[in-house]
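# A structural model of the following input is requested.
(2 chains)
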Protein chains: 2
Amino acid sequence: MLTAVAAAAAASAGTINVFVRSDTVLTSARNRKRLFHLKPPGRCLEDRTSGSCVPSSIVRSLALPPDVALLEALNEVLPQGGLGARMNSASKEGGFHPSTTNSSLTQEVEVQKQAPRAPFKLGPKIHNWDQQRAAWLAKYPHKRLTPQGRPNMILVTSSPPEPCPAATGDHFLLKSIKNKMDYCRLHMIEIYYNMAIMEMDDFWIKLPIIRKLMVSHPEAEWIWWMDSDAIFTDMTFDFPVEKYEGRNLVVHGWDKAVYEDKAWVGLNAGIFLLRNCQWSLDLLDMWAPLGEKYGNHKNEVGDFLSKELLGRPNFEVDDQAALVWVLYSKPELRPHVFLENSYHLHGWWVDLTAHFDEMITKYHPGDGGSKWPFITHFVGCKFCAGKYNSSSLERCYYEVERAFNLADNQVLKPYGYQHESLSSVDVKKVSDEVTHPLERLGIRLTD
Amino acid sequence: MLTAVAAAAAASAGTINVFVRSDTVLTSARNRKRLFHLKPPGRCLEDRTSGSCVPSSIVRSLALPPDVALLEALNEVLPQGGLGARMNSASKEGGFHPSTTNSSLTQEVEVQKQAPRAPFKLGPKIHNWDQQRAAWLAKYPHKRLTPQGRPNMILVTSSPPEPCPAATGDHFLLKSIKNKMDYCRLHMIEIYYNMAIMEMDDFWIKLPIIRKLMVSHPEAEWIWWMDSDAIFTDMTFDFPVEKYEGRNLVVHGWDKAVYEDKAWVGLNAGIFLLRNCQWSLDLLDMWAPLGEKYGNHKNEVGDFLSKELLGRPNFEVDDQAALVWVLYSKPELRPHVFLENSYHLHGWWVDLTAHFDEMITKYHPGDGGSKWPFITHFVGCKFCAGKYNSSSLERCYYEVERAFNLADNQVLKPYGYQHESLSSVDVKKVSDEVTHPLERLGIRLTD
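Predicted coordinates for the structure are as follows:
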């Protein structure tokens, strides 16, 4: 759901020019502070926040030193540490160039600090988290499991702290969070709704909050990330946590697609679960630096990953491409990763919503897979920003309402109500109340 | 938050004409189905749903029989059963008349069934709920209390199933539900977010869902209703449940104002707690019929209560006026009611928000009262409908954002963040992460 700054980059001889699409939605304070709008030639640079003016000649002359932090971040996850050489080579050849320029783009420049800097980190390196957490659990053993005897989980989702640009974007977000609240209540899962933009933003907003939840909630065995455009459609399906003994990352995907094909869509990073352990903190430490918002870093990494990964269009680095790359580059991680495809931990809406009506007549919730998808993910529907990549936003809204109502019918059933149709917000009574409501729960009394 | 159909009524000689304001927001399927729009004189009545046409002469000639159900509902809660006589007397005198007519009103007519009907009920009469629930708890004794040893509670709130008419109404609702999710997570309270319009709507939507939650959740000792325009501002304050032993209804109010003065604002029905017991089901059975949506019932009861209660403007019956009337009329209920005013279970925003900045410098959360209000209630701010009774909606939005951020700062503090100011959506880091995050929880290890 979070809108990325879709950018094309031109870098030459250490001087950086960043082109940002004029329809970009900037969601973070950091964006607003660090981007300067370049007025027409001969004019000054306008600081969007203060409205003050900086002569463009000064900004253009800011030379970018070799980005040591970027090299370190990429080398960390390169099999043969190859990018440093590639970048040096590219620099000698005159730098990276965007394949096309777009006249509709607004020219933007980011001000760079000149000194080499430390690698980006989400926080100080934690070395013995497993021991720390074990000591805490030994002190509070009753907090290890839920009253139902299952591992504690926190589901976390996020949306921007400001109103959506799209007219009904916030109403969609409201239904999205209700859907998650319902699932979490029914399955005894804690839920954390984030609206704060911390160390990272856009696609990457999830990483800092996941780390913070891990280290602040030692009682939680799993942190479950879920994008706002993902809807639980099977409210009965229980996440099969026992299946993942020894695994620390569970994400929808396919081994061959990630480990052999290096496919950008070999997994879907919109929904995943991370075990609260040292391994996961280490994974975040490898993953996060690839998405650092600094200078032209995100465009350079995006450019690199578009060349390396199968089927990735060229835009700034996204968390999913970076995760595919980390898992591909670090084979030692794989034994602790479960790429799940036996049910729809992520199901692409385009494949699923047309079958909802047929599904209702033939099957029932609890399957989680092709007969009744666990999670229907509206990838590509920019409900909040108001854009859609390849289809109409109206279709997105129509289908997401049906997905929400499909789930809501399961929530309302015990209260005797159902939606009048899958596309209707109105509900109708389908069963009358009784004078002995607990009889269905095995309590039989006479008046 | 829910928008009422603000109506003035004219009834004479058994023929009913209902005037509905043209800016009315109809939130329910029932509204849409049962209201007919009267076109200019000589034209037909248009059924808004089907677009079909009914000659207005036919609708106008529908005679309303004496409303037995209304008489029974009011007589049930009248000290001397006086309204029947008053209504008969009014009928002989030529019926009720609105004190003014408004040329901006759109004329509406509701079609009435002619046969006398049964009194309105939320559901079948349940007689032995305490025994049924006790039997269930005996069977599942571990479900009586939370793992923390406190009575189980379900907080329930609601908002319309369709987008708000006001541009940023849904964004406000999003922050409102996040605020409630945060409080409930921190205090181990279940939360149910209702978007279904069941047997009653507008002000009254709360009653059916409260009853359904009671009879479907025998594990819950309390059902806590909270309007969407009420914001938790003290996230530390714990609802003092032990204080209410023997009480079944807890609501902000004053004994004298309700039991002596019959004041409309003697209590605030936007936030209250009902114990899950027979007494509460009986209270709902007395309360709900006063708000039945049938014919001119709501206007007639509203007219009656405006005459009986202190300080109530004349509009259709609201749940608060009806509750004041029930508690006034039935002294036998009072021993089980706690009208709370020792802290802000409901605090009127106009009295509170101007003191937020001073409060932060002088006091700290946990007080719940004048030093740090537990709940700040934006009574009168129609965030979703986009109207405000006596001040500007802009001020409402400005102050509710500050209230939300005041609470959010308490949520973010353990993660090291705070809002840049009370009126800013942006957050800033205020404390660095550490390598041993659990030391503050008493876990000390060396690397």
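# So stretch A:426-437, near chain B or not?
Yes. Judged by Cβ under 8 Å from any Cβ of the partner chain, stretch A:426-437 and chain B are in contact via A:426-427, A:429, A:432-437. (Each C-beta comes from the backbone N, C-alpha and C, glycine too.)
# Now do that stretch: everything it contacts.
Residues outside stretch A:426-437 that contact it (Cβ atoms under 8 Å, 6 or more residues apart in numbering or on different chains) are A:412-413, A:416-420, A:443-445, A:447, B:28-29, B:122-127, B:132, B:161, B:196-199, B:212, B:215-216.
# what does the stretch 1-150 of chain A put close to chain B?
So the stretch 1-150 of chain A meets chain B at A:29, A:123-128, A:131-133, A:135-136, A:139, A:142, A:147 (Cβ under 8 Å from any Cβ).
# Now the buried members of these.
A:29, A:123, A:126, A:132-133, A:135-136 (16 or more other Cβ atoms under 10 Å in any protein chain shown).
# Make TSV out of those residues and add distance to residue A:265 and pLDDT.
Below are these laid out as TSV (distance: Cβ to Cβ, whole Å; pLDDT from 0 to 100):
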residue	distance to residue A:265	pLDDT
A:29	31	34
A:123	30	93
A:126	32	96
A:132	37	96
A:133	34	97
A:135	41	96
A:136	38	96
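# can you map out the helices along the stretch 101-250 of chain A?
A:129-139, A:169-186, A:206-216 (DSSP state H, counting those that start in this stretch).
# Show me what the second one is packed up against.
Contacts defined by 3 or more Cβ pairs under 8 Å, 6 or more residues apart in numbering or on different chains; DSSP states H and E place helix A:169-186 against strand A:153-158, strand A:190-194, strand A:230-232, helix A:393-412, helix B:169-186, strand B:190-194.
# Quick one: mean pLDDT over the fourth one.
Looking back up the chat, that one is helix A:393-412. Across helix A:393-412, pLDDT averages out at 96.
# Now do it: which elements does it pack against?
Counting by 3+ Cβ pairs under 8 Å, 6+ apart, helix A:393-412 packs on helix A:169-186, strand A:230-232, helix A:349-352, helix A:356-362, strand A:381-382, strand A:417-419.
# repeat for the third one
In terms of contacts (3+ Cβ pairs under 8 Å, 6+ apart), strand A:230-232 is packed against helix A:169-186, strand A:375-377, helix A:393-412.
# Which residues does it contact?
A:176, A:179-180, A:182-183, A:270-271, A:346, A:374-378, A:400, A:403-404, A:407.
# Residue A:147 - nearest residue in space that isn't next to it in sequence?
Ranked by Cβ to Cβ, 6 or more residues apart in numbering or on different chains and with sequence neighbours excluded, the top spatial neighbour of residue A:147 is residue B:147, at 5.5 Å.
# Need the phi and psi values for the one you found.
Main-chain dihedrals, residue B:147, degrees, to the nearest 10: phi -60, psi -20.
# Show me which of the contacts of stretch A:426-437 are buried.
A:412, A:416-419, A:443, B:28-29, B:122-123, B:126, B:132, B:161, B:196-199, B:212, B:215-216.
# And stretch A:361-374, end to end?
17 Å (Cα to Cα, to the nearest Å).
# Now do the buried residues in that stretch.
Using 16+ other Cβ under 10 Å as the test for burial, stretch A:361-374 gives A:365, A:367-369, A:372-374.
# What are the boundaries of the helices in the stretch 251-400 of chain A?
A:255, A:278-287, A:297-308, A:319-329, A:349-352, A:356-362, A:393-412.
# Contacts only, for the most centrally placed residue in chain A.
With distances taken as Cα atoms, centre = their mean, residue A:270 lies nearest the centre of chain A, 4.4 Å away. With contact set as Cβ under 8 Å, 6+ apart, residue A:270 has these partners: A:226-227, A:229-230, A:320, A:346, A:377, A:379.
# Poorly predicted segments of the stretch 1-150 of chain A, please.
A:1-116 (pLDDT under 70).
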